[in-house]
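S.K.: Quick one, what's the 3D model for this:
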Amino acid sequence: MNRICASFTLGLALMATAAIGADARSVFLGGPTLLSQQGTDLPMPAPLSPVPEIQYSGPVGQLPVVTTADATLFPCVKVRSPRNIAPCAVPIIVQVPDPCTPRDRCGCAPRPCVNVEICVPACGCPKVCVTRHGNKTRYDYGKYAVNIISVNGKIVVDYDD
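M.R.: Reported below is the predicted structural model:
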């Protein structure tokens, strides 16, 4: 507590000393100052290029489904507990990290993704949980859930009820 009080008092004394010793014109704490008013010749940053927004025109309560004709599915997929698939489930295609590509430790480059087909309940939006490294994804629909694990050159799709 004594350190906090001492550092606060020291900081306050330093600010008071700087304010007293400075010229009255430069201590003005009013609104923002433009760079052109300061007289510096700093270059202005280039404007950012506009990022195109992807528009989803489907129903609001459903997941976006990959509808392109060239959606090639990953060949090495293992399905666990297919008897736990929800009744009247619809197949959708989701993207998960490529298990054949090693993870970049510095996180500089994004990992490529592969397409996987899973069967999910037709109603409701899922609660999607992704682990920190992105290897595990869970689509939780309440009573039913789908776990997708991407590791060691294969993808495991596990259905829970």
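
S.K.: where exactly do the strands run in the chain?
M.R.: Counting by DSSP state E, one finds strands in the chain at the ranges 77-80, 90-97, 113-120, 127-130, 136-140, 145-151, 154-160.

S.K.: looking at those strands, which is buried most?
M.R.: Ranked by mean neighbour count, the strands of the chain are led by strand 145-151 with a mean of 20 (mean count of other CB atoms under 10 Å). In this view, the C-beta of every residue, glycine as well, is placed from N, C-alpha and C.

S.K.: And the contacts of that one?
M.R.: Outside strand 145-151, the residues within contact range by CB atoms under 8 Å, 6 or more residues apart in numbering are 94, 96-99, 116, 118-120, 134-139, 155-161.

S.K.: now that strand against strand 154-160, angle please.
M.R.: Strand 145-151 runs at 160 degrees relative to strand 154-160, counting by axes from the mean of the first three to the mean of the last three CA atoms, to 10 degrees.

S.K.: partners of strand 145-151, with directions?
M.R.: strand 136-140 (antiparallel), strand 154-160 (antiparallel) (DSSP bridges).

S.K.: Low-confidence stretches in this structure?
M.R.: Counting by pLDDT under 70, the chain shows low-confidence ranges at 1-70, 107.

S.K.: The chain: helices as residue ranges?
M.R.: Using DSSP state H, the helices of the chain run over 2-21, 35-38.

S.K.: Pro112 and Thr101 touch, don't they?
M.R.: Yes - in this structure, Pro112 is within contact of Thr101 by CB atoms under 8 Å, at 5.7 Å.

S.K.: Tell me which of those two has more neighbours.
M.R.: Neighbour totals were compared for Pro112 and Thr101, and Thr101 leads with 14 against 10 (other CB atoms under 10 Å).

S.K.: And that one, how close does it get to Phe74?
M.R.: Look at Thr101 and Phe74: by CB to CB, to the nearest Å, they are 12 Å apart.
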